[in-house]
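J.: fold the following.
(one chain, ligands or ions: 1)
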Amino acid sequence: MLKREKTDVLVIGGGAAGMACALSAAKEGVYVTLLERESSVGGVLNQCIHNGFGLQFYHQELTGPEFASRLIDEMNMENVKIINQSYVRDIDVRKRVAQVLSPDGAYEIQAGALVISTGARERPFGSLLIPGDRPSGIMPAGVAQRYVNLENRIPARKAVVLGSGDIGLIMARRLTLEGVEVVGVLERMSYPGGLTRNIVQCLEDFDIPLHLSTTVTEVRGEGRLRSVEVSKVDENFTPIPGTSRNIDVDALILSAGLLPQVEDFSDDLEVDPVNRGFLVSNTCESSVEGVFAAGNNVAVFDLVDYVAAEGWIAGRHAALFSRGVNTSGDRVPIFRGKNIGVLVPGIVDMEEHLRLYIRLRKPMEKGVVVLRELKIEKKFSYGVPSEMIQLVVNRDKLQPLMNHGRLTVEVQ
Ligand SMILES: Cc1cc2nc3c(=O)[nH]c(=O)nc-3n(C[C@H](O)[C@H](O)[C@H](O)COP(=O)(O)OP(=O)(O)OC[C@H]3O[C@@H](n4cnc5c(N)ncnc54)[C@H](O)[C@@H]3O)c2cc1C
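T.: Purely as a prediction, here's the structure:
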């Protein structure tokens, strides 16, 4: 029989979402335990030494580690216990019991409420189905970032980046600053995948070319990567014959997107098929009562400010739930209309303000987000999938949804 401890709110994962959650729950006066599998909290923030974090949450531009240390300092409260090197391998969501593996052995924690904030992971090379050899020198951008920023190791002399997501753009600049020759960033779509500010600050300012509608069609090298074959692709991402060329590089840096980390717990909790993360309401409650989720395991957010704001909401509701205060009201589902990709949340709880985060499916010169049953509209000029559109609706304005029994979000 495993040793069993108890806590009011158990937070699993100590990135931006988990830390903001632990802090807000603690401010409600309950006892909080935060479990982190690494040797320190901070999550991906620890390796993001560039600035661009916190403009909304702290009204200040911070680096990733600065953002993390602000939260760590604030969590220095008597009712917050942070336990590092503790991996949650399983949860009984109905009983709210977590099984933990730690250097001191395995044990269980019984919680009044649970929050899962396990972040996202990078899409692996194998999933890209690129033919050729499997030499060393092929790595996800986040791994390259970890080598350079945390381990002080330079993983390449001459590199090409595949995928123009933000991590890839940031690593193209970071490697250049460390003396690596970055020959270009390849993007199979006809438009960039990352934020506009990163295209300008990471590529244009450093004369790193961005090749749109282009991908890697073969990888060559025994032992170590020697070269890649790149080709232009059509709108279906099919290589166009006669366009292939060879580039000599010793590293292929992959920035092919992040996937919410849900696998360990997705048997018991509902997952949104488009977001590929846990389905949650605007109180951050999952499909099981008393179990909440926040951050990149709900959907891959573009800004840490959104992640922390969601963690904050999750923490408050989890704390209230653990004290037996029922904060939830009537609920209606949210449906995707035209050109809506990622959409958070999936359910409206009438007792909480509604903060919608939307990613378009395709870039649009201009458009309008329509909340059909609420007759609310928000115009935007030049919308791209990489930048989330945020829309906040005060809970006083949600009442019409009770007559319709649903909310439809679409872009016209
Ligand atoms: C390279 C890069 C650059 C970025 N640049 C910016 C930027 O300039 N500005 C900006 O606003 N945002 C930026 N972001 C986005 C922002 O940093 C992230 O969205 C945010 O930090 C994610 O926080 P999270 O808590 O959801 O996940 P994470 O930071 O991934 O934290 C999840 C934590 O959970 C832990 N964990 C996972 N599973 C378990 C388990 N079973 N048991 C225990 N612990 C577990 C992990 O170890 C990790 O510490 C960037 C992101 C990346 C990757």
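J.: what does the stretch 301-412 of the chain have sitting close to the ligand?
T.: Neighbours of the ligand within the stretch 301-412 of the chain, by C-beta under 6 Å from any ligand atom: F301, L303, V304, D305, V307. For every residue, glycine as well, the C-beta is placed using N, CA and C.
J.: now swap in the stretch 1-150 of the chain and tell me
T.: 12-18, 35-38, 43-45, 48, 52-53, 87-88, 117-119, 142, 145.
J.: of the residues you listed, which belong to helices?
T.: Under the assignment DSSP state H, these contribute A16, A17, G18, G142, Q145 to helices.
J.: just to revisit the earlier point, now for the residues of the stretch 301-412 of the chain next to the ligand, which pair is the farthest apart?
T.: For these, the farthest-apart pair by C-beta to C-beta is F301 and D305; their separation is 8.7 Å.
J.: next secondary structure after the helix or strand L169 falls within?
T.: Assigned by DSSP states H and E, L169 belongs to helix 166-177. Using DSSP H and E, the helix or strand that follows helix 166-177 in sequence is strand 181-186.
J.: how about the strands in the stretch 301-412 of the chain?
T.: Using DSSP state E, counting those that start in this stretch, the strands of the stretch 301-412 of the chain run over 331-336, 340-344, 347-349, 354-360, 364-371, 376-383, 389-393, 407-411.
J.: in CSV, list the ones you listed along with distance to G64.
T.: Converted to CSV, the strands of the stretch 301-412 of the chain look like this (distance: least, C-beta to C-beta, whole Å):
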stretch, distance to G64
strand 331-336, 31
strand 340-344, 22
strand 347-349, 31
strand 354-360, 20
strand 364-371, 29
strand 376-383, 26
strand 389-393, 21
strand 407-411, 31
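J.: could these go into JSON lines alongside mean neighbour count?
T.: Compiled in JSON lines, the strands of the stretch 301-412 of the chain are given as follows (neighbours: other C-beta atoms under 10 Å):
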{"stretch": "strand 331-336", "mean neighbour count": "17"}
{"stretch": "strand 340-344", "mean neighbour count": "21"}
{"stretch": "strand 347-349", "mean neighbour count": "22"}
{"stretch": "strand 354-360", "mean neighbour count": "22"}
{"stretch": "strand 364-371", "mean neighbour count": "16"}
{"stretch": "strand 376-383", "mean neighbour count": "14"}
{"stretch": "strand 389-393", "mean neighbour count": "16"}
{"stretch": "strand 407-411", "mean neighbour count": "20"}
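J.: pipe the ones you listed into a markdown table and attach mean pLDDT per row.
T.: Shown next, in a markdown table, are the strands of the stretch 301-412 of the chain (pLDDT from 0 to 100):
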| stretch | mean pLDDT |
| --- | --- |
| strand 331-336 | 96 |
| strand 340-344 | 97 |
| strand 347-349 | 97 |
| strand 354-360 | 97 |
| strand 364-371 | 94 |
| strand 376-383 | 92 |
| strand 389-393 | 96 |
| strand 407-411 | 96 |
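J.: of those strands, which is nearest R323?
T.: The closest of the strands of the stretch 301-412 of the chain to R323 is strand 347-349. By C-beta to C-beta, the value is 17.8 Å.
J.: what packs against the closest one?
T.: Here strand 347-349 touches strand 331-336, going by 3 or more C-beta pairs under 8 Å, 6 or more residues apart in numbering; DSSP states H and E.
J.: okay, now the sheet partners of the strand it packs on, with direction.
T.: strand 347-349 (antiparallel), strand 407-411 (parallel) (DSSP bridges).
J.: what does the shortest one contact?
T.: So that's strand 347-349. Residues from elsewhere that reach strand 347-349 (C-beta atoms under 8 Å, 6 or more residues apart in numbering): 279-283, 285, 328-334, 354, 398, 401, 407.
J.: I'd like to know how many residues surround the residue nearest to Q201 when sequence neighbours are not counted.
T.: Closest residue to Q201 apart from its sequence neighbours, by C-beta to C-beta, 6 or more residues apart in numbering: R173 at 7.4 Å. Close neighbours of R173, defined as other C-beta atoms under 10 Å, add up to 18.
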